[in-house]
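Asks: Here's my sequence, what's the structure:
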Amino acid sequence: MRNGCKLSSTSLKSKFGRSFTDPKDNLQVWFDLSPDRLPETDRTLYHALGIFPENTPILDAVIARLWKHIGSQLSDFDCGELLTELARLELIERHPDKTVTMHDLLHDYMRGNLGDGLKNTHRELLRAYNSVAKSWWEMPDDGYIFENLVYHLFEAGFGEEAFELLTGAKHWQVEKSKIKGFSAFVDDIQLAIEKAKLLPVADYYPVCRRPQALSGNVPPKREQNERYKD
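Replies: Modelled structure (predicted):
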C-alpha cells in the first residue's frame with residue numbers, strides 16, 4: 001500500500017532545523033511555518049483532495065476534472081503545474097502511472113479543513129462527471145468513477161440515489177460487472193449495507209429499511225464471484 005508523501009521528523013528537521021515527534025505537531029509545522037505555503041486559492045484546491053478515498057491512488061485526470069469544475073478558469077496545464085508544486089512541497093506523492101497518493105495524516109488534515117464544505121465538494125465532483133444528469137451506467141469508464149461512485153454518492157448525502165442505483169433496474173450491476181468484474185458490484189452492495197446501518201432513519205427511511213434487500217444481492221460465497229469476470 002502506498003501511503004503517499006513522507007511526513008517524517010527527519011524531513012521536518014531538514015526543512016525547519018528541528019525535529020518533531022508528535023504527528024499533530026508535524027502537521028501544524030508543515031502548514032503553518034513553511035516559507036513555501038500555498039496561496040489561498042491553491043490551498044482550497046489542495047483541501048478538496050480530502051474527498052477521495054483514503055489509501056487510494058487517484059488519477060491526475062480525475063483531480064483535474066474536480067479542480068476545473070471548482071475553479072472554472074483552470075486548464076489541464078494549470079492543474080498539472082499545481083500537482084507538481086504540491087509534490088515539490090511533499091504534500092502529495094506523484095507516481096509514474098499518473099496517479100497521486102497522500103499520507104494518511106495529510107488526508108485527515110484536508111478533510112478537516114473542508115469542514116462543512118466536505119459534502120458539497122463530493123457533490124462538485126459528481127456534477128463534474130455528470131452535469132446533465134445522465135444515468136450513471138451510461139457514463140464512460142475513466143478508471144475511477146465506476147469504482148468509486150457509490151462511495152461518493154453516500155458521502156455527498158445522496159444515499160437514497162445510491163440504494164436505488166443498486167436495488168432498482170440492473171443496469172448498474174450489468175455495466176459495472178462488465179467493466180470491473182462482478183466482485184466489484186458486490187463491493188458496492190457491501191458498502192451500502194454498512195452505510196445503511198449508519199443513516200438516521202428520519203433522514204433516509206426508504207433507504208434504512210432495506211438492508212436485507214441489499215444483502216439478498218450478495219452471493220453466499222465471495223470466491224464464486226470470480227467466474228463472472230471478463
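Asks: Which positions within stretch 96-116 qualify as buried?
Replies: 99-103, 105-107, 109-111, 113-114 (16 or more other Cβ atoms under 10 Å). Heads up, the C-betas are built off the backbone N, CA and C, glycines and all.
Asks: Repeat that for stretch 192-201.
Replies: By neighbour count with 16+ other Cβ under 10 Å, stretch 192-201 contains the buried residues 192-193, 195-196, 199.
Asks: residue ranges with poor pLDDT in this protein?
Replies: Counting by pLDDT under 70, the ranges of the chain that qualify are 1-36, 199-230.
Asks: Tally up the residues packed near T41, please.
Replies: Counted by other Cβ atoms under 10 Å, the residues lying close to T41 total 12.
Asks: State the number of residues packed around the residue nearest to it when sequence neighbours are not counted.
Replies: The shortest distance from T41 to any non-neighbouring residue, by Cβ to Cβ, 6 or more residues apart in numbering, is to G71 (7.1 Å). The tally of other residues near G71 (other Cβ under 10 Å) stands at 16.
Asks: cool, and the one 4 residues further on?
Replies: The burial metric for S75, expressed as a neighbour count using other Cβ under 10 Å, is 10.
Asks: With L49 instead?
Replies: Close neighbours of L49, defined as other Cβ under 10 Å, add up to 23.
Asks: residues touching the residue nearest to the spatial centre of the chain, list them.
Replies: With distances taken as Cα atoms, centre = their mean, F52 lies nearest the centre of the chain, 1.7 Å away. Listed by Cβ atoms under 8 Å, 6 or more residues apart in numbering, the contact set of F52 reads 58, 148.
Asks: do the same with V100
Replies: Applying Cβ under 8 Å, 6+ apart, one finds that V100 lies in contact with 4, 49, 57-60, 63, 83, 92-94.
Asks: Show only the entries of the buried residues of stretch 96-116 found in helices.
Replies: Cross-referencing the buried residues of stretch 96-116 against helices under DSSP state H gives 105-107, 109-111, 113-114.
Asks: which pair in the residues you listed spans the largest distance?
Replies: Taking Cβ to Cβ as the measure, those reach their widest spread between L105 and L114, a distance of 15.4 Å.
Asks: and the gap between the residue nearest to the centre of the chain and A87?
Replies: F52 sits 16 Å away from A87 when distances are taken as Cβ to Cβ, to the nearest Å.
Asks: Repeat that for A169.
Replies: Computed with Cβ to Cβ, the distance linking A169 and A87 is 43 Å.
Asks: Comparing these two, which residue is more hemmed in?
Replies: Applying other Cβ under 10 Å to A169 and A87 shows that A87 carries more neighbours, namely 15 against 11.
Asks: tell me which element the more buried one is part of?
Replies: Assigned by DSSP states H and E, A87 falls within helix 76-88.
Asks: Okay, helices next: where are they in this protein?
Replies: Using DSSP H, the helices of the chain run over residues 9-16, 23-32, 40-48, 60-70, 76-88, 104-114, 118-129, 145-155, 159-167, 171-180, 182-196, 201-208, 211-215.
Asks: closest one to W137 among these?
Replies: Between W137 and those, the shortest separation by Cβ to Cβ is 4.2 Å, and it involves helix 171-180.
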